[in-house]
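sequence first, then the predicted structure, then my questions.
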Amino acid sequence: MIHVVLYEPEIPANTGNIIRLCANTGAQLHLVKPLGFELDDKKLKRAGLDYHEWARMQIWETFDECLANLALKGVDINAVYPLTTKGTETPHTSDLNRPVALLMGPETRGLPEQVRMLFPKEHWIRLPMAENSRSLNLSNATAVIVYEAWRQQGFKPLA
């Protein structure tokens, strides 16, 4: 199982795209408040098209609640992979062939240090990119890492 955790997402169109991604792959989406938009936002719905009904999504008041729920599903601290520009690992060198949570931070500031530090540094993933590039769009980066995890899991049905 692949869990996608958006920590305090800010841009509705990105979250809408990720809802569509999760609906198409079977990954479960977790949104951790505060959100930078309302769930009935037109941009969110437009980006997600009619996939909202197919996506499995949970909304959490706190990150601790989200982590506790993941632990109940067999995804402990050692199976959480923060995606961060501070990471040294890449998706293809990380062992994602098991139940995992892929953790994404807010678009404008990334994951706060106190959140990143909850997880082993060898799990901090940075996507390879050109030398002078800083980061990818949140929904694009999420798609890259979800598909790599799913590839490692043999593209087995996730639902």
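In hand now; what should we look at?

now stretch 66-83: mean pLDDT?
The average pLDDT for stretch 66-83 rounds to 96.

ok, residues contacting that stretch?
1, 3, 5, 30, 32, 58, 60, 94, 96, 98-105, 111, 115-116, 118-120, 123-127, 141-142, 145 (CB atoms under 8 Å, 6 or more residues apart in numbering). Quick note: C-beta positions are derived from backbone N, CA and C, even for glycine.

return the members of those classed as buried.
1, 3, 5, 30, 32, 60, 94, 96, 99-105, 111, 115-116, 119, 123-127, 141-142, 145 (16 or more other CB atoms under 10 Å).

give me the subset of the contacts of stretch 66-83 lying in helices.
Of the contacts of stretch 66-83, the ones assigned to helices by DSSP state H are 115-116, 141-142, 145.

going by distance to Cys22, which of those residues wins?
Nearest to Cys22 out of the ones in helices among the contacts of stretch 66-83 is Thr142 (CB to CB; 8.9 Å).

now the closest one. Nearest residue, chain neighbours left out?
Ile18 (5.2 Å; CB to CB, 6 or more residues apart in numbering).

run the chain-centre distance for the helix or strand harbouring the one you found.
Ile18 belongs to helix 12-25 when elements are defined using DSSP states H and E. Per CA atoms, centre = their mean, to the nearest Å, the displacement of helix 12-25 from the mean C-alpha position of its chain is 10 Å.
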